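the amino acid sequence is not available; the structure is as follows:
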């Protein structure tokens, strides 16, 4: 058979045929009705015009600091404050109004994400698993989160008989608090941090340690042995992984000499460097430990969906369970924002934040980190609890301490040396990466983490399984 | 301090803290008392913030509400057959008298003394700026000896806690039988 | 624009000390009158918290610092109190667990082997 390779036969079942006949993205985009194409074209031209206008105004210098500076909504808030002050409004009421506006902005980000995040996660996860996610409810399944919310709200709330009433109602609220409060110190633009405190880093760590108690109370108050076991495992995992997070952030704080999040981002913007380039191990430790803090695969042994029903929130039904699931989403996006702020440069992008609004840059970085989370969820199997605990205590913590030690030396060198920052930071990056690679290989060897088989070239799935194998089996 | 926010914050947070502490005393169940204790810790953290002690407030939340509460929860977990009620012992009345006495004494002294304190504009002037930096410099500068001793103390506490709750291991058969012979009366329960 | 009389309400050092005294007193009552060892520990933690509040209040309000003295030493002191409180809570709870293992109870009324 030297001619072109045989085309695969027509699939056997209707669903497989539907999957094969599904129009690709290009056909769908070109098949849109003409009116929508016109509207889309006008909107696209409008966006380009706005971008050109903003670019012109930025170059002309006329946009800096004005209340209509869309790159930084903090100026709009300042303008509102001065306008209200000129009108004679008491400064306390102005403070309340601007505070409420800021909180409303943050809540809209979080609420908007809860509306579409579920859909994004399920569709992207389905893409990884070669299936289709929700596509029935509304166009492309976009109304699926709303359908889920309506279902959860109308479900009967079943409270177990021996459940402790007072302790049963606290956990959904208590777990949601860190997912909401953690958004406060994150800087969206140079003047757009809602809570620009001097101890932002410590605030973030403290807020995430409150959620631990909520998890435990959920398991305890359910009057169910298995919920309690799931809660104990989850609590043990969460408190173990708080330490690598603190050590990773310690490395960041040592380099930037400040605990304020907006100053950390400003540092990264000033030196045109991302923290992940300088201390990659801290970024990895933060990422991995955060997936454990928020109970996400591969560290979701607490609520392993295929193993122990739902772990600590098994006995919760209705909107309470909905809150737990929503918290997982909200917390994931918060960790994405923190990762972007600490290690990926926040609202800065090597100088692009002068042209593009900082919050858009940060939003795209958050999306990228969230995509990484979903990628991890779709690819990695779940770790066992003893593997997880061993990894935290025996691997991440000692190496985190060593990394903090090395970064402390580098920070003092950085403060004393007079060379241009690029050279010193480049040297730090090289040293850190070399030390990280050596340490990880050496330490993993000592701990016995050697992979039992070497990675070979990837084998195409159609030879081993998937659609072709299914057809072959079905046709014989 | 005459900033309205701080005044409102002080009264609200003091009420929360004191009421939660009283509820820790009056709760019927140990877990309820624990929850009220956490609320009292959070109220205290709020009071620290009204005093411009941002670092201490966040450290309080991190250490007390985040770690010590979980420690207590684990202790409740590891004592499964113990009673979980928050009952009073025989010394309720002396305890109550002692507590009331101390509280009234401190209150009287607090109200009656002419404290050498800043007021009004001087208070706003001496407000703390960046507490973290200064506290760090103090800890590693003037109070470095206490800092080192505290770290050694933490190390001892860690080791001590581990040694205390270690299971006793049987060294050899003879020793084991001897131990089990006279240990049977004492060491009953194994977790 | 300001509510009449609202600007005259201030919070002084005495207010914080009264709150601290109240919490200390309540902590004492809990520590002295509870049967459960863990409840006694809760009382002790409340007492330590009250002391922290006193230290921070003095650090903020006091005008009696010597010229070279740093008002934030109160904060450093509180850091040490927090550290020692955490260490002591760990040891106390380890002892409670050990007590439970020996006697199957954490009831302090039953632990009276050394009473007269």
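Cool, the structure landed. Source: prediction; values computed, not measured.

where does the prediction get shaky in the chain?
This is for chain A. Residues of chain A that meet the criterion pLDDT under 70 lie in A:1-3, A:302-310, A:449-476.

my bad, the chain I had in mind was chain B
Checking chain B against pLDDT under 70 turns up B:1-2, B:169-191.

now the residue of the stretch 101-250 of chain A found nearest chain B: which helix or strand?
Relative to chain B, the nearest point of the stretch 101-250 of chain A is residue A:209 (2.9 Å; C-beta to the nearest C-beta). Just so you know, the C-beta spots here come from the backbone N, C-alpha and C atoms, and that holds for glycine as well. Using DSSP states H and E, residue A:209 maps to helix A:200-221.

ok, the residue of the stretch 101-250 of chain A closest to chain B - contacts?
Residues in contact with residue A:209 (C-beta atoms under 8 Å, 6 or more residues apart in numbering or on different chains) are A:239, A:242, B:61, B:62, B:65, B:66, B:67.

which stretches of the stretch 351-476 of chain A form helices?
With DSSP state H, counting those that start in this stretch as the criterion, the stretch 351-476 of chain A has helices at A:358-379, A:385-390, A:397-416, A:421-447, A:461-464, A:466-475.

deepest-packed of these, please.
helix A:358-379 (a mean of 18; mean count of other C-beta atoms under 10 Å in any protein chain shown).

what comes into contact with that helix?
A:71-73, A:117, A:120-121, A:124-125, A:128-129, A:186-190, A:192, A:287, A:291, A:296-298, A:332-333, A:335-337, A:339-341, A:344-349, A:352-353.

what subset of these is buried?
A:71-73, A:117, A:120-121, A:124-125, A:186-190, A:192, A:287, A:291, A:296-298, A:332-333, A:335-337, A:339-341, A:344-349, A:353 (16 or more other C-beta atoms under 10 Å in any protein chain shown).

can you tell me which of the residues you listed end up in helices?
Counting by DSSP state H, the part of the buried ones among the contacts of helix A:358-379 found in helices is A:117, A:120-121, A:124-125, A:287, A:291, A:332-333, A:335-337, A:339-341.

farthest-apart pair in these, please.
Longest distance between any two of these is 25.5 Å, between A:125 and A:341; criterion C-beta to C-beta.

quick check: the residue of chain B nearest chain A.
residue B:66 (2.9 Å).

tell me the one among the contacts of residue A:209 nearest to chain C.
Using C-beta to the nearest C-beta, the contacts of residue A:209 come closest to chain C at residue B:67, 6.7 Å.

hmm, the closest one is touching residue C:87, no?
No - look at residue B:67 against residue C:87 with C-beta atoms under 8 Å: they stay out of range, at 11.4 Å.

what touches both of those two?
By C-beta under 8 Å, 6+ apart, residue B:67 and residue C:87 have no common neighbours.

mind listing what the spatially most central residue of chain B touches?
Central residue of chain B (C-alpha atoms, centre = their mean): residue B:64, 6.0 Å from the mean position. If a contact means C-beta under 8 Å, 6+ apart, then residue B:64 has B:41, B:44, B:45, C:45, C:49, C:82, C:85 as its contacts.

redo the residues you listed as a markdown table? Include distance to chain A, secondary structure and neighbour count.
Shown next, in a markdown table, are the contacts of residue B:64 (distance: C-beta to the nearest C-beta, whole Å; DSSP: H, G, I helix; E, B strand; the rest coil; neighbours: other C-beta atoms under 10 Å in any protein chain shown):
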| residue | distance to chain A | secondary structure | neighbour count |
| --- | --- | --- | --- |
| B:41 | 10 | helix | 23 |
| B:44 | 13 | helix | 31 |
| B:45 | 9 | helix | 23 |
| C:45 | 15 | helix | 26 |
| C:49 | 16 | helix | 29 |
| C:82 | 13 | helix | 21 |
| C:85 | 16 | helix | 20 |
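
could these be laid out in JSON lines, adding distance to residue A:12?
JSON lines is the format used below for the contacts of residue B:64 (distance: C-beta to C-beta, whole Å):
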{"residue": "B:41", "distance to residue A:12": "63"}
{"residue": "B:44", "distance to residue A:12": "68"}
{"residue": "B:45", "distance to residue A:12": "64"}
{"residue": "C:45", "distance to residue A:12": "68"}
{"residue": "C:49", "distance to residue A:12": "70"}
{"residue": "C:82", "distance to residue A:12": "68"}
{"residue": "C:85", "distance to residue A:12": "69"}
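
tell me the one among those nearest to residue C:12.
Comparing the contacts of residue B:64 against residue C:12 with C-beta to C-beta places residue B:44 closest, at 18.9 Å.

how about the nearest residue to residue A:141 once chain neighbours are set aside, what does it touch?
Excluding the flanking residues, the one nearest residue A:141 by C-beta to C-beta, 6 or more residues apart in numbering or on different chains is residue A:134, at 3.5 Å. Residue A:134 is in contact with A:119, A:122, A:123, A:141, A:144, counting by C-beta under 8 Å, 6+ apart.

and the last one, how far from residue A:390?
In this structure, residue A:144 and residue A:390 are separated by 38 Å, where distance is defined by C-beta to C-beta, to the nearest Å.

if we can go back for a sec, of the contacts of residue A:209, closest to residue B:105?
residue B:65 (29.1 Å).

residues contacting the residue nearest to the closest one when sequence neighbours are not counted?
Distance criterion C-beta to C-beta, 6+ apart; nearest residue to residue B:65, sequence neighbours excluded, is residue B:41 at 4.6 Å. For residue B:41, the contacting residues are B:60, B:61, B:64, B:65, B:69, C:45, C:49, by C-beta under 8 Å, 6+ apart.

between those residues, which sits nearest residue A:248?
residue B:61 (19.8 Å).

residues touching the closest residue in space to the closest one that isn't next to it in sequence, list them.
Spatial nearest neighbour of residue B:61, excluding adjacent residues (C-beta to C-beta, 6+ apart): residue A:206 at 4.2 Å. Each residue near residue A:206 by C-beta under 8 Å, 6+ apart is listed here: B:58, B:59, B:61, B:62, B:65, B:66.

brilliant, that's me finished.
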